[in-house]
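In: fold the following and give me the result.
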Amino acid sequence: MRFSTALLIAASMAPVALGGPISYGICQSGCNAVVVACYAAAGFTFGTVVAAPATPAVLLACNAGLGTCSAACATVALFAPTP
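Out: Here you go, the predicted model:
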């Protein structure tokens, strides 16, 4: 019992670390996996379609989703404390 109390006190005094770049990279990888699946569901390959007026609306929606996801990663993952 004494050891667990000492460990609990020591753990509570430990500083909080920021997971920044690692969390951000994991989050961005998740976003990219989703956009690749979105493109595949539409019958296209991500990274091979040039943005033009004739681009299908579903691909524009995939790109908008990627932008939203990436923005969320930048605002949350870079500044979230990781215990």
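In: CA only for contacts and neighbour counts going forward, please
Out: Will do.
In: in the lengthiest helix in the chain, what counts as buried?
Out: If you go by DSSP state H, the chain has its longest helix at helix 20-41. Using 16 or more other C-alpha atoms under 10 Å as the test for burial, helix 20-41 gives 20, 23-24, 27-28, 30-32, 34-36, 38-39.
In: closest one of those to Thr68?
Out: Cys31 (9.2 Å; C-alpha to C-alpha).
In: residues in contact with that closest one?
Out: Residues near Cys31 by C-alpha atoms under 8 Å, 6 or more residues apart in numbering: 66, 69-70.
In: of these - the most surrounded one?
Out: For the contacts of Cys31, the largest number of neighbours (other C-alpha atoms under 10 Å) sits with Leu66, at 21 neighbours.
In: shouldn't that one be in contact with Ala33?
Out: No: using C-alpha atoms under 8 Å, Leu66 is not in contact with Ala33; the gap is 9.7 Å.
In: can you tell me how far Tyr39 is from Phe79?
Out: In this view, Tyr39 and Phe79 are 30 Å apart by C-alpha to C-alpha, to the nearest Å.
In: ok, and the closest non-adjacent residue to the residue sitting nearest the centre point of the chain?
Out: Geometric centre of the chain, nearest residue: Cys27, 1.7 Å, by C-alpha atoms, centre = their mean. Closest residue in space to Cys27, ignoring its immediate chain neighbours: Cys73 at 5.8 Å, by C-alpha to C-alpha, 6 or more residues apart in numbering.
In: so which strand or helix has that neighbour?
Out: Using DSSP states H and E, Cys73 falls within helix 57-76.
In: list the buried ones in that helix?
Out: 59, 62-63, 65-66, 69-70, 72-74.
In: export those to TSV and tack on pLDDT and distance to Gly47?
Out: Below are those laid out as TSV (pLDDT from 0 to 100; distance: C-alpha to C-alpha, whole Å):
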residue	pLDDT	distance to Gly47
Leu59	93	11
Cys62	95	12
Asn63	94	11
Gly65	96	15
Leu66	96	13
Cys69	95	17
Ser70	94	16
Ala72	92	21
Cys73	90	21
Ala74	88	22
